[in-house]
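Visitor: Sequence below, structure please.
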Amino acid sequence: MTLSVGSPVAGRVVPLTEVPDPVFAQAMVGPGIAVEPDRVAADVVSPVDGTIVTLHPHAFVVATESGAGVLVHLGIDTVKRKGEGFTLHVVKGETVRAGQTVVSWDPAEVEAAGFAPICPVIALDAPADGLGDLAEGSTVGVGEQLFSWQR
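Guide: The predicted structure follows:
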C-alpha cells in the first residue's frame with residue numbers, strides 16, 4: 001500500500017538536513033521532509049486522512065486507519081511559546097480528512113519572535129528507505145504531495 005502525504009503548509013520543500021534541530025536533521029524521529037513556509041498567516045492542514053492522536057498548538061500527529069502516523073511540527077523550539085500564536089481547530093481524537101484545517105498560525109510572526117518557522121513532516125516508524133517521490137527542491141501548495149510512503 002502506498003500512502004500519499006500532502007503538505008500541511010505552502011512553501012519551499014527542503015531536506016530534513018536543513019532543519020536547524022539535530023533530532024529532525026538526523027531523522028531520529030523518522031524519515032521525512034521539511035517545508036520552509038511562506039511568510040503569511042495561514043491554516044495548517046492534515047497531511048493525510050486519519051485521527052488526531054497527538055495535539056499541541058505547535059505540533060500534531062495524524063494516524064491513518066492502517067496505523068501510519070504522520071507528525072507535523074510547526075517551527076523549531078516553538079513549544080517554548082506555550083501556544084502563543086497558534087489557534088487549534090480540532091481536538092485530540094477527532095477524525096480528519098487530508099486538507100482539513102488543524103491549526104492556524106503566522107510563520108512571519110513566529111520568525112519575528114526568534115524561532116525558525118520551518119515545518120518538518122515526519123513518517124513515524126517508517127524505515128529510512130520507505131519514502132519515495134520526495135518533492136525536495138520544489139515549491140508546494142497546501143495539500144500537494146510531499147512524499148509517498150510505501151507501507
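Visitor: By residue count, tell me the biggest helix in this structure.
Guide: helix 107-112 (DSSP state H).
Visitor: for that helix, the distance to its chain's centre please.
Guide: 17 Å (Cα atoms, centre = their mean, to the nearest Å).
Visitor: hey, where'd the helices end up in this structure?
Guide: 22-25, 107-112.
Visitor: Which parts of the chain are strands?
Guide: Applying DSSP state E to the chain gives strands spanning 2-6, 11-14, 32-37, 42-45, 50-56, 59-63, 69-73, 87-88, 95-96, 101-105, 119-124, 131-132, 139-140, 145-150.
Visitor: any chance of those in TSV, plus mean pLDDT?
Guide: Shown next, in TSV, are these (pLDDT from 0 to 100):
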stretch	mean pLDDT
strand 2-6	96
strand 11-14	97
strand 32-37	98
strand 42-45	97
strand 50-56	98
strand 59-63	98
strand 69-73	98
strand 87-88	98
strand 95-96	98
strand 101-105	98
strand 119-124	98
strand 131-132	94
strand 139-140	97
strand 145-150	95
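Visitor: Same list, these, but as TSV with distance to Ala25 and mean neighbour count please.
Guide: Where you see a C-beta, it was placed from the backbone N, CA and C, and this is true even at glycine. As requested, the strands of the chain are arranged in TSV below (distance: least, Cβ to Cβ, whole Å; neighbours: other Cβ atoms under 10 Å):
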stretch	distance to Ala25	mean neighbour count
strand 2-6	19	18
strand 11-14	11	19
strand 32-37	9	24
strand 42-45	21	20
strand 50-56	21	17
strand 59-63	16	22
strand 69-73	12	23
strand 87-88	27	14
strand 95-96	28	16
strand 101-105	22	20
strand 119-124	9	24
strand 131-132	16	15
strand 139-140	20	16
strand 145-150	17	20
